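*Asks:* Curious how this folds, go ahead:
(2 chains)
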Amino acid sequence: MDNKTIAAISTAQGEGGIGVIRISGDDAQKIADRVFKNINGKKLCDMKGYTAAFGNVFQNGEKLDEAVALVFREPNSYTGENVVELSCHGGIYITKQVLRAVIEAGAVPAQAGEFTKRAFLNGKTDLTEAESVMDIISAKSRSAARAAMCVKEGALRKRVNSVKDDLLVLTAHLSAWADYPEEDIAEVDDEMILSVCEKAENELESMLSTYDSGQAVKQGIDTVIAGRPNVGKSTLMNLLSGYEKSIVTDIPGTTRDIVEDTVVAGNVILRLSDTAGLRNTDDKVEKIGVDRAKKRLEQCGLLLAVFDYSRELTQDDLNLLEASVNVPSIAVVNKKELIAKLDINKIKSKISNIIYISAITGDGRDELISKIEEIAGTQNLNPSEGILANERQRSNVSNALNSVIEAKNALNMGLTYDAVTVSLEDAISELLEMTGEKTSEEVIDRVFHNFCVGK
Amino acid sequence: MKYFAGEYDVAVIGAGHAGIEAALAAARLGCKTAVFTINMDAVGNCPCNPSIGGTAKGHLVRELDALGGEMGKTADECFLQSRMLNRGKGPAVHSLRAQIDRRKYSDTMKHKLELQPNLELRQAEITDIEACEGGYKITTQMLAEYKCKTVVIATGTFLGGKIYVGEVSYESGPDGMFPATKFAQSLKKLGLPLRRFKTGTPARVLRRSIDFSGLEVQKGDEPPLPFSYETESLGENKVDCHISWTNDKTKQVILENIHRSPMYSGKIEGVGPRYCPSFEDKIMRFKDKPRHQLFIEPCGENTEEMYLQGMSSSLPEEVQLKFYKTIKGLENCVIMRPAYAIEYDCVDPTAMKPTLEFKSIPCLFGAGQFNGSSGYEEAAAQGFVAGVNAALKVLGRQPLVLTRSNSYIGTLIDDLVTKGANEPYRMMTSRSEYRLVLRQDNADERLTPIGYELGLISEERYKKFLHKQEIKRAEINRLKNTSIAPSEKLNELLVSRETAPLTTGIREYTLLKRPQLDYAVILEFDENAPDLPNDIIEQIEIEIKYEGYIQKQQKQVEQVKKLESKSLPSDFDYKEINGLRLEAQEKLNKIKPLNIGQASRISGVSPADISVLLIWLAAKKGN
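*Replies:* Numbering: from 1, shown residues only, chains lettered A, B, ... in the order given. Prediction:
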């Protein structure tokens, strides 16, 4: 429809493998440059088509992942536009974070079937395929419409509507006040506008802040259980999942590969990887396991670092502590039923969340779960409150929030109410878009409903 | 027996505000034009309020003037009092309104029609219209038959008009004129989707029966500002208006007599406007409101009739008198004309294109209340567009389509033809998404080039316009390139205006961005600042202070323009596109949008449907 630069995850949203975020549009390279830093310093903007770069993806100055960026130049790309594809290490959590970083850098979430549509409009697809392209789009839009219906009827709708209604009432008041200057309509003042804006701002911010926890509830958190061999990782995994999954023995190196399972811990879904221990080994097979474990650890959403209460910290333990600094972590001190030998202060200096458990007896499980909930931010999250379901909704809420803040700023700068009203209307139309409605008459209907105006 | 009475390029049926603009524009474009009125003394009549303009309506008048229309100039010539509404609420909502002398307005407009070359003004009721080779044959009640290449219908409330005052009702046009009773039948035969709308007006009371002593006075602005870019000055305001309030007793009278209202007893089936409610509507819908405001406005300089704005009613005359008399100042009022409600035939405007030509009936155009709008200004704006397009059609030129992004007129028409009207449509600033760009101060910048291109703006006026634009641009550039140094005196002033003092030099442009400051500051501290007229200074201030907002809206405008450049066919069955949802197919078939932009505004057409349309268009082009 327009030349906005769009972005979406273009690989199937499953586990493992590589996750590709595709950015397409005039500013694809410019936007990608805002999140991707090439190892050799060269900007994607300065690169030719059909070239690749290796580097890191950042969000707000923090490194998210390593990535390969493929640069395509119009018209030689899938869509026929400028395209950048960022291939990350996969894992839904990381891929989504990268997509979000790209959207925050100026891209718009792609509509259902939009890449295909653009490809077609730019002549990249044979004209005889027009029918099938239209079918794809209508099929995709039907499923998108079903998603919108969920918003329409669900708890999220209530939440969105309550903000929208407040903004509508205010905007209708401002409109009535502007369109009927000689009617006896209560004056609008700064305080009134500010109080509505601030309330909306808080609510929208809270919706955004629960987005991640909502995702944790819905999609699960990539969780790695790590620790040196035989510290009790497999037992912990079994404790959390409730049945025997890993092979539990007391021979170091028993767990050779990443074993995955999905468990519900309180109100959080954890996608657990029980890893091979981080030990220096000469066994080739075990080494592969250890390397994968390390890699996995760097990318996870939650690290459960397991330590043995009855032994002194080893070099492997210290390595793990060092690695834990970059990810949300809980130090799980196992075998608490035994006599203490480890130096707990060394752990405290790196990980502030410490839980003592006995994986054998099950002691400490509840504490561990409530700590996990706390870290996931889901402790006070009530899924029936309505949480944002996807990146598109997040982008609507985030745009609405920006417009509300813009209205507030205009007011604080001393600009007139007509400018303030325009920003408020932008916020309303973003929120209406979430439920698939159009703006046109909403404000005007409200004017006549709420005010007795007219000659 | 019918007789053949003549041939015209453009025939305009009705000489109200829509008909006048349509006829003048068509004649000025060189078409042989006739305008028919049921009563020669009803040309340009103002059967409701004696004022022109107001919020958003003021924009329409300025835009019309910028295009070469007549309403603004005549309102200036007949002005009694003028006010710029919404000063202090921001430039987007500044709106000019003038009280006018309604008889003088009517006479002035009639005389202009009479003097206009190519134009014939005739008194006749049109009773029949039928299609014929090369256009239409229209017949008067005197059995004169005219052959016309194009016809503009601007029948206002005359078409099937019926007046209601309490239990009394009778067929009538406005202000006691004859209605047009037969014409509607003939239009139905042509296939026009007609329906009933309703509007109303308050009573006129005798000036000396009003006690003004305790009432609030409302004066005009000094100096009063004109509508027309060609009016140099207006002189002084000639009249005052007054404000009074209803009270508990007024409400009591209404509640006791509401069963006698034809609206509430179900006698009127027409749909009335929410924004122009009768007083009994206000009482019934807002029961908790203790009092309602009314304005007492003079109808002219040579009459003692006073208009009671806010007090329209369809209650019986005796009840009207009773409730008016409860109002302060009106205790002894004498009603000269009672309030009434009027029901009339009008068309579903979605049957028209944005050119105001009927989609399925070529060379037939509609304008004004007939199209489902309300208000003199809305009517005039449409009349102009319909008249211009009727003429362009005869001349074989490209039609004029004004857009949402260049005008309120375009917004008004787009709303009517794309969304339709469930009640008489009134313009409001809230209806324009681009209102920081579509201001009343820059109507000339937006539309005078279009009016010039059409041939309705004189060479002299256009040169003056270009000169004004040049002065403005030059001064904005100068402000961007000129620095102002901090001084004790300047900083004193900045502090007194509650804005930060300067520590280093600053561009004048940047300084003017501060909402607390105006151009007067530049004049005071920069001896090189030119002496500019007020309207240019105002525009410079607005463009600098609202730059960010204006740019943002202009970007949106650019995006919409791209969509509007993608034309859709006018005769095509959207059911043939399988990818479209059923609802979208039906809506698109009904509206037949001119382009993707218009299609995207139809309710029931989703973004995915638009994607499908784009692909279909591309595929079609490719084949």
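*Asks:* Skipping its backbone neighbours, what lies nearest residue B:445 in space?
*Replies:* residue B:469 (6.6 Å; C-beta to C-beta, 6 or more residues apart in numbering or on different chains). The way it works is simple: take the backbone N, C-alpha and C, and place the C-beta from them, glycine included.
*Asks:* same question, residue A:329
*Replies:* residue A:303 (4.2 Å).
*Asks:* hang on, the residue nearest to residue B:445 in a strand?
*Replies:* No. Residue B:469 sits outside any strand when classified using DSSP: H, G, I helix; E, B strand; the rest coil, being helix.
*Asks:* quick one: it from residue A:30, how far?
*Replies:* Distance, residue B:469 to residue A:30, using C-beta to C-beta, to the nearest Å: 34 Å.
*Asks:* In contact with residue A:98, which residues are there?
*Replies:* Applying C-beta atoms under 8 Å, 6 or more residues apart in numbering or on different chains to residue A:98 gives the contacts A:19, A:21, A:35, A:57, A:59, A:64, A:65, A:67, A:86, A:88.
*Asks:* And the contacts of whatever helix or strand residue A:396 lives in?
*Replies:* Here residue A:396 sits within helix A:391-413, counting by DSSP states H and E. Here helix A:391-413 makes contact (C-beta under 8 Å, 6+ apart) with A:8, A:96, A:99-100, A:103, A:108-109, A:151, A:156, A:160, A:163, A:167, A:190, A:193-194, A:197-198, A:200-201, A:204-205, A:207-208, A:211, A:388, A:419-420, A:423-424, A:426-428, A:430-431, A:433-434, B:515.
*Asks:* Among those residues, which are located in helices?
*Replies:* Filtering these for membership in helices, criterion DSSP state H, returns A:96, A:99-100, A:103, A:151, A:156, A:160, A:163, A:167, A:190, A:193-194, A:197-198, A:200-201, A:204-205, A:207-208, A:211, A:419-420, A:423-424, A:426-428, A:430-431, A:433-434.
*Asks:* Out of these, which end up buried?
*Replies:* With burial judged by 16 or more other C-beta atoms under 10 Å in any protein chain shown, the buried subset of those is A:96, A:99-100, A:103, A:151, A:156, A:160, A:163, A:167, A:193, A:197, A:200-201, A:204, A:207, A:211, A:419-420, A:423-424, A:426-428, A:430-431, A:433-434.
*Asks:* what about residue B:460, neighbour count?
*Replies:* Neighbourhood size, residue B:460 [other C-beta atoms under 10 Å in any protein chain shown]: 9.
*Asks:* That should have said residue B:23, apologies.
*Replies:* Residue B:23 has 33 nearby residues by other C-beta under 10 Å.
*Asks:* Find the nearest non-adjacent residue to it, please.
*Replies:* Nearest non-adjacent residue to residue B:23 (C-beta to C-beta, 6+ apart): residue B:35, at 3.9 Å.
*Asks:* Am I right that that neighbour is in a strand?
*Replies:* Yes. Assessed by three-state DSSP, residue B:35 belongs to a strand.
*Asks:* Please tell me the pLDDT value assigned to residue 158.
*Replies:* Chain wasn't specified; assuming chain A. Residue A:158 carries a pLDDT value of 80.
*Asks:* looking at chain B here, not the other one
*Replies:* Per the predicted model, pLDDT is 97 at residue B:158.
*Asks:* ok, and the helix or strand in chain A with the lowest average confidence?
*Replies:* helix A:130-153 (a mean of 59; mean pLDDT, DSSP states H and E).
*Asks:* Now do stretch B:86-95: distance to the chain's middle.
*Replies:* 18 Å (C-alpha atoms, centre = their mean, to the nearest Å).
*Asks:* Ok, stretch A:340-351 next?
*Replies:* 32 Å.
*Asks:* And stretch B:278-296, by the same measure?
*Replies:* 25 Å.
*Asks:* repeat for stretch B:608-615
*Replies:* Using C-alpha atoms, centre = their mean, the offset of stretch B:608-615 from its chain centre is 34 Å.
*Asks:* if you look at it, does any of it touch chain A?
*Replies:* Yes. Using C-beta under 8 Å from any C-beta of the partner chain, we find that stretch B:608-615 touches chain A at B:608, B:610, B:611, B:612, B:614, B:615.
*Asks:* Of those residues, grab the buried ones for ChimeraX.
*Replies:* Here is the ChimeraX command that selects the buried residues among the residues of stretch B:608-615 next to chain A (16+ other C-beta under 10 Å):
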select /B:608,610,611,612,614,615
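*Asks:* Give me the subset of the residues of stretch B:608-615 next to chain A lying in helices.
*Replies:* B:608, B:610, B:611, B:612, B:614, B:615.
*Asks:* My guess is the fourth one contacts residue B:574. True?
*Replies:* No. Using C-beta atoms under 8 Å, residue B:612 makes no contact with residue B:574, being 10.1 Å away.
*Asks:* Touching both of the two, which residues are there?
*Replies:* residue B:580.
*Asks:* Please, which helix or strand holds the residue nearest to the spatial centre of chain B?
*Replies:* Centroid-nearest residue in chain B: residue B:378, 2.5 Å away (criterion: C-alpha atoms, centre = their mean). When elements are assigned from DSSP H and E, residue B:378 belongs to helix B:376-395.
*Asks:* Is there any residue in that helix that contacts chain A?
*Replies:* No. Judged by C-beta under 8 Å from any C-beta, helix B:376-395 stays clear of chain A, getting no closer than 12.6 Å.
*Asks:* next SSE after that helix?
*Replies:* helix B:408-414.
*Asks:* Can you list the helices and strands that the next helix or strand after that next one packs against?
*Replies:* Under the assignment DSSP H and E, the closest C-terminal helix or strand after helix B:408-414 is helix B:443-454. Judged by 3 or more C-beta pairs under 8 Å, 6 or more residues apart in numbering or on different chains; DSSP states H and E, helix B:443-454 is in contact with helix B:57-67, helix B:459-481.
*Asks:* now for the shortest one, which elements pack on it?
*Replies:* Read it as helix B:57-67. Using 3+ C-beta pairs under 8 Å, 6+ apart: helix B:57-67 touches helix B:71-77, strand B:95-100, helix B:376-395, helix B:408-414, helix B:443-454.
*Asks:* Need the winner for burial among these.
*Replies:* helix B:376-395 (a mean of 29; mean count of other C-beta atoms under 10 Å in any protein chain shown).
*Asks:* Quick one: mean pLDDT over it.
*Replies:* 98.
*Asks:* Now do that helix: which elements does it pack against?
*Replies:* By 3+ C-beta pairs under 8 Å, 6+ apart, helix B:376-395 packs against strand B:3-13, helix B:17-28, strand B:51-53, helix B:57-67, helix B:71-77, strand B:144-153, strand B:364-366, helix B:408-414.
*Asks:* Among those, which comes closest to residue B:216?
*Replies:* Ranking the helices and strands packed on helix B:376-395 by proximity to residue B:216 (C-beta to C-beta) places strand B:51-53 first, at 17.8 Å.
*Asks:* touching chain A at all, the closest one?
*Replies:* No. No part of strand B:51-53 sits near chain A under the criterion C-beta under 8 Å from any C-beta; the closest distance found is 9.5 Å.
*Asks:* I'd like the average pLDDT over that strand.
*Replies:* 97.
*Asks:* Then stretch B:280-292?
*Replies:* The model assigns stretch B:280-292 a mean pLDDT of 89.
*Asks:* just stretch A:82-99 next, same as before
*Replies:* 81.
*Asks:* Now do that stretch: distance from first to last residue.
*Replies:* End-to-end distance for stretch A:82-99: 17 Å, by C-alpha to C-alpha, to the nearest Å.
*Asks:* next one: it to chain centre, how far?
*Replies:* 11 Å.
*Asks:* so what's residue A:307 closest to, chain neighbours aside?
*Replies:* residue A:333 (5.1 Å).
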